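Asker: Mind folding the following:
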Amino acid sequence: MQKTKKSFMLRVALPLVFVLAWLGLSGVGGPYFGKISEVSSNDQTTFLPASAESTKVNEQVKKFQEQSSIPAIIVFESNNKLQSSDFAKLATVPSKLRTISEIAGDISPAIPSADGKAAIIVAPVSASASDKLNEVFNQFHHKIDSANTGINYEIGGPASFSHDLIGAFGGIDVTLLLVALAVVFIILLIVYRSPFLPIIVLLTAIFALSGAILIVWHLANAGIVQINGQVQGILFILVIGAATDYSLLYLARLREELVTNESILAATKQALKGAWEPIVAAGGTVIVSLLCLLLSDLGSNRALGPVGGIGIAFALFAALTFLPSALLLLGRAAFWPKRPVFDNKHTHTSYQNQHPFWGKVGALVQRHPRHLWIGTSLVLLLCCAGILQLKASGVPQSQLVLGHSEARDAQALIDRHFPGGSGAPVYIIAKQSNYKTLADKLKKIDGVTAVSIASKDSPSGTIPLSSNSAQSTMPAYITTLPTQFAGQLQPTVKDGEVLLEATLAYASDSDQTQKLIPVLRSESRAVDDSAIVGGLAAIQYDTNQTSLRDRALIIPVVLVAITVILAMLLRALVAPLILLLTTIVSFGATLGIAALVFNHLFKFAGADPAVILFGFVFLVALGIDYNIFLMTRVREETGNLGVNNGTIKALVVTGGVITSAGTVLAATFAALGVIPILFLAQIAFIVAFGVLLDTIIVRSLLVPSLTLEVGRAMWWPSKLARTQGKK
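Answerer: Numbering: from 1, shown residues only. Next up is the predicted model:
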């Protein structure tokens, strides 16, 4: 009776508690799928380190402005020179725009270009309106259209770029999730040919994601972590991909055990015994790798550490609690129509015949290990050569959004008729006593077209101080304003400091401007050692420099952390080093191929430095997962069969599940491509291609071949290094 009660508790009651608990958690966390965007920000300034110079400028600029704002630049262009009648119509636009409640400050009059074919109007948009830019821009278009100017126009500037980003991330809550789940479901349906297993696995992923989003939302709402659309999208994909991977590993082990165990409870115990260690080790490796991002100085990178770690932790818990519980309650019926049959006479065929394709792969590896590891290594190293073409030092903001971008179109018009930096100046905060000397110094710098100083007395908010006549394309009346205002207007002085604005000849996100920022800083400090330089261009420069610093620091830390975890898991030193080396070579080959694809197929303008960092963290951590799945089984089988036969058996019995898991993970990350953001599209390709390369080539051929070549020394200094058996 006692035994029956205990069996009931383990077979029914405990699994039911786990299932109901996850259902309850999903019921609470599910509604937060649509709310997480409320606590997400895509403002670059909020992610910069406090020590960054542009961060300091961003804070101090506020004391010179009545209200914090970001400029929207309306660019009007005509095929012919604009006439006085055209300017009369354009003069009505500012008054119409002033009725928009989110306008923060004075709107400039229509400023004509030197060639007379274009004009710009700069309208400051309240920084607090960032969460409703769609509505603001709809009002912009409505008001401008109602002026009936008859002149084509585009809206550009920093406000427009923010608007484009919001539009690009608009589908991240629903579209990305549905695409990822649909892809996973189709692949699982093909792999298992069962209507039930894909649903159970997807429920595991959805429940894990519900719990993760619930925690992340509250952390972000409390200001403990900062998230943006990029972090949000990666969280979705990480949890779905990881939960599916861990589920597939458990399912494969359970199917094996159901053949040798009549009792579903006994099979579950054995499956958990064999699967929990590699699953926990794999998840732990990813969590530790992600937490290394806490060393980043960029808030967007740093946020992904705990956010991704929380997601992976929930994926682990769901795969080891909900999935086994649901399968235990359903029994063999969950595998219908191909239910595993208990073989009470132990007449089941050999593992090679149970996995015919992988049996052939195993035989190939066993016959030619040296040829295979040398050949695959040479191919991977050859692919690594493509890294020399990788352009990952930064990308113009105008290229961040793929497809149509009104901000990019507007910037093209600005570049055609005005100095590229019009409307998005570089800010210099300096001592009042030095500003005239500093302005004279700045105007002599190649690439600076005009310098002005903030003044609340001026209708435009600034007083022009000087212009570089050799570089300026601004109309004459703009460059002669200082003489008109001499003795009439006074600059705004706060705490003994003034705000200078330098208009550059190039767009704020161009390579030329990025090279100018350090020049402006050094030249400014040559006049005033307390001067600091900021603005949109400086923010991008500081972001890129911080990303490069993060990459140099975090990648070595991740390598050390993973090596330690592998050594503890495999109880050896040689195997972890070899596995890590193969994963690094695989990552290098992936970057090499990615560089060729980005440059010559997709024609991308470049890549953010963080692409390499994120790609490394995901590929190395997730790539090691598959080696963990393989090598923990190799270790298990080597103790019974020796290195040679144990390695081949492990390769054959894990080949199908690991390749399926890799395919699912690759397809899941590829789903990031539905979000038209350059960074996410590049991460999608790098991780998807890298995972497939790792599972098909590295894990299937290179690692088993190296294991056979190294032999018992692979497990040094553990006891397995002394196990007798064929090499």
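Asker: And the strands in the stretch 501-650 of the chain, which stretches?
Answerer: For the stretch 501-650 of the chain, strands defined by DSSP state E, counting those that start in this stretch occupy the ranges 532-534.
Asker: ok, now the chain?
Answerer: 69-77, 111-112, 118-126, 152-156, 426-431, 448-454, 462-467, 497-504, 532-534 (DSSP state E).
Asker: so which of those strands gets nearest I562?
Answerer: Closest of these to I562 is strand 532-534, at 38.0 Å (criterion: Cβ to Cβ). The way it works is simple: take the backbone N, C-alpha and C, and place the C-beta from them, glycine included.
Asker: which helices and strands does that closest one pack with?
Answerer: If you count contacts as 3 or more Cβ pairs under 8 Å, 6 or more residues apart in numbering; DSSP states H and E, strand 532-534 packs onto helix 53-60, strand 426-431, helix 511-527.
Asker: Kindly report which one of those carries the lowest mean pLDDT.
Answerer: Note on those: helix 53-60 shows the lowest mean pLDDT, a mean of 87.
Asker: quick check: angle from that helix to strand 426-431?
Answerer: For helix 53-60 against strand 426-431, the angle by axes from the mean of the first three to the mean of the last three Cα atoms, to 10 degrees is 70 degrees.
Asker: mind giving me the domain ranges of this structure?
Answerer: By the assignment in automatic domain parsing, the chain contains the domains 1-53+172-338, 68-168, 349-403+547-727, 425-534.
Asker: In CSV, list the ones you listed along with distance to P419.
Answerer: Shown next, in CSV, are those (distance: least, Cβ to Cβ, whole Å):
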stretch, distance to P419
domain 1-53+172-338, 22
domain 68-168, 10
domain 349-403+547-727, 16
domain 425-534, 4
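Asker: hang on, the earlier thing: to S210, which of the helices and strands packed on strand 532-534 lies closest?
Answerer: Across the helices and strands packed on strand 532-534, closest to S210 is helix 53-60 (Cβ to Cβ), at 35.2 Å.
Asker: So which bits of that closest one are buried?
Answerer: Within helix 53-60, the residues scored as buried using 16 or more other Cβ atoms under 10 Å are 53-58, 60.
Asker: Stretch 431-438 now?
Answerer: 431, 434-435, 438.
Asker: Same question for stretch 517-532.
Answerer: Quick answer for stretch 517-532 (16+ other Cβ under 10 Å): 517, 520-521, 523-524, 527-528, 531-532.
Asker: That one: how far from the chain's middle?
Answerer: What separates the centre of stretch 517-532 from the centre of its chain is 33 Å, taken as Cα atoms, centre = their mean, to the nearest Å.
Asker: Any regions of the stretch 201-350 of the chain where pLDDT drops low?
Answerer: 344-350 (pLDDT under 70).
Asker: I'd like the distance between V527 and L251.
Answerer: Distance, V527 to L251, by Cβ to Cβ, to the nearest Å: 69 Å.
Asker: what does T260 give?
Answerer: Where L251 is concerned, T260 sits at a distance of 16 Å (Cβ to Cβ).
Asker: before we move on, what about L316?
Answerer: Distance from L316 to L251, by Cβ to Cβ: 15 Å.
Asker: go on, D131?
Answerer: 43 Å.
Asker: neighbour-wise, which of the two wins?
Answerer: Taking neighbours as other Cβ atoms under 10 Å, D131 and L251 compare with L251 leading, 26 against 12.
Asker: Now do the contacts for the closest residue to that one other than its chain neighbours.
Answerer: Spatial nearest neighbour of L251, chain neighbours left out: L197 (6.8 Å); criterion: Cβ to Cβ, 6 or more residues apart in numbering. Residues in contact with L197 (Cβ atoms under 8 Å, 6 or more residues apart in numbering) are 188, 251, 334-335.
Asker: Give me the pLDDT for L197.
Answerer: With respect to pLDDT, L197 has a value of 90.
Asker: Stretch 543-560 - what's its average pLDDT?
Answerer: 89.
Asker: Give me the buried positions along it.
Answerer: So stretch 543-560, judged by 16+ other Cβ under 10 Å, has buried residues 543-548, 550-551, 554-555, 558-559.
Asker: Work out which residue lies at the spatial centre of this structure.
Answerer: Q230 (4.9 Å; Cα atoms, centre = their mean).
Asker: Name all residues that make contact with it.
Answerer: 300, 677, 679-680.
Asker: now do L14
Answerer: Counted by Cβ under 8 Å, 6+ apart, L14 has contacts S325.
Asker: Spatially nearest residue to A318 (excluding sequence neighbours)?
Answerer: A318 sits nearest to A208 (Cβ to Cβ, 6+ apart), 3.9 Å away.
Asker: wait, I meant F418
Answerer: Spatial nearest neighbour of F418, chain neighbours left out: S113 (5.5 Å); criterion: Cβ to Cβ, 6+ apart.
Asker: Over to that neighbour: give its phi and psi.
Answerer: Main-chain dihedrals, S113, degrees, to the nearest 10: phi -80, psi 160.
Asker: And for P676?
Answerer: Residue torsions, per degrees, to the nearest 10, at P676 are phi -80, psi 60.
Asker: Likewise for S263?
Answerer: Taking degrees, to the nearest 10 as the convention, S263 sits at phi -80, psi 130.
Asker: ok, back up a step: for the contacts of Q230, pick the one with the most neighbours.
Answerer: L680 (27 neighbours).
Asker: Would you confirm that that residue contacts F669?
Answerer: No: in this structure L680 lies outside contact range of F669 using Cβ atoms under 8 Å: 9.6 Å.
Asker: So for stretch 600-612, what gets flagged as buried?
Answerer: 604, 606-612.
Asker: and of the residues you listed, the nearest to V225?
Answerer: Looking across the buried residues of stretch 600-612 and measuring by Cβ to Cβ, the closest to V225 is A610, at 17.0 Å.
Asker: you'd agree G662 is up against T695?
Answerer: Yes: between G662 and T695 there is a contact under Cβ under 8 Å: 3.1 Å.
Asker: what touches both of the two?
Answerer: Y626.
Asker: so which of the domains of the chain gets nearest L413?
Answerer: Of all the domains of the chain, domain 68-168 sits nearest to L413, with 4.3 Å by Cβ to Cβ.
Asker: end-to-end on the closest one?
Answerer: 25 Å (Cα to Cα, to the nearest Å).
Asker: tell me the mean pLDDT over it?
Answerer: For domain 68-168, the mean confidence score works out to 89.
Asker: ditto for stretch 626-634
Answerer: On average, stretch 626-634 scores 86.
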